[in-house]
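Peer 1: pasting the structure only:
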């Protein structure tokens, strides 16, 4: 979906640049100032659109990389048990440097100490995935709980919610 949006932005930028070229090439001596101003404004708009498309592309690539890394971390765990029900997340708050932070509480229902790997997704209010991280919570005592913090990989602004995507007890 993001690819189509970026293609549309790039296509729009190309149309604006083409229009600017036509306007600047078709001006007569008396209207050259107006046409030149229009061409300049169109070029600036195209540049802004291209910059926005580039930023969106970089953000998409960073998210894809974070998601792939989270998947690899959890997939490397052998002999683990699905443990999403053992994990609770607290309210998301502003962390340092513009990152978002969410408290993670893991409750181990088994009788032995276990380690947990928890994938936490950060989403905007529309439900769009903004970031994902894996938090390792070691040595959670049998029958006990332990706290940790999920910190976004990058700066996130606005209202952000979190959810447990996956959790493994091993």
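Peer 2: Perfect, I can see it now. Everything quoted here is computed from the prediction, not taken from an experiment.
Peer 1: rest of the way, CA atoms for contacts and neighbours
Peer 2: Noted.
Peer 1: ok, residue 74 - contacts?
Peer 2: Shown in contact with residue 74 (C-alpha atoms under 8 Å, 6 or more residues apart in numbering): 117, 168.
Peer 1: and it, what helix or strand is that in?
Peer 2: Counting by DSSP states H and E, the element that carries residue 74 is helix 32-75.
Peer 1: Outside of the following helix or strand past that helix itself, list whatever touches it.
Peer 2: Per DSSP H and E, helix 32-75 leads on to strand 81-82 as the next helix or strand towards the C-terminus. Residues from elsewhere that reach strand 81-82 (C-alpha under 8 Å, 6+ apart): 166-170.
Peer 1: What residues of stretch 80-87 count as buried?
Peer 2: 80, 83-84, 86-87 (16 or more other C-alpha atoms under 10 Å).
Peer 1: Apologies, that question was intended for stretch 158-170.
Peer 2: Neighbour count says stretch 158-170 has 160-164, 166-170 buried, by 16+ other C-alpha under 10 Å.
Peer 1: same thing with stretch 117-130?
Peer 2: 117-124, 129-130.
Peer 1: How about stretch 89-96?
Peer 2: 89, 92, 94.
Peer 1: residues making contact with that stretch?
Peer 2: With C-alpha under 8 Å, 6+ apart as the criterion, stretch 89-96 contacts 100-105, 151, 160-164.
Peer 1: Can you pick out the most distant pair from these?
Peer 2: Farthest-apart pair in these is 105 and 160; separation 18.6 Å (C-alpha to C-alpha).
Peer 1: May I ask you to confirm that residue 163 is in contact with residue 118?
Peer 2: No. Between residue 163 and residue 118 there is no contact under C-alpha atoms under 8 Å: 10.2 Å.
Peer 1: hang on, the earlier thing: wait, which of the buried residues of stretch 117-130 is closest to residue 110?
Peer 2: Among the buried residues of stretch 117-130, and counting by C-alpha to C-alpha, the member closest to residue 110 is residue 117, at 15.8 Å.
Peer 1: what's the span of stretch 114-132 from first residue to last?
Peer 2: 23 Å (C-alpha to C-alpha, to the nearest Å).
Peer 1: actually stretch 106-122, sorry about that
Peer 2: Terminal-residue distance, stretch 106-122 (C-alpha to C-alpha): 18 Å.
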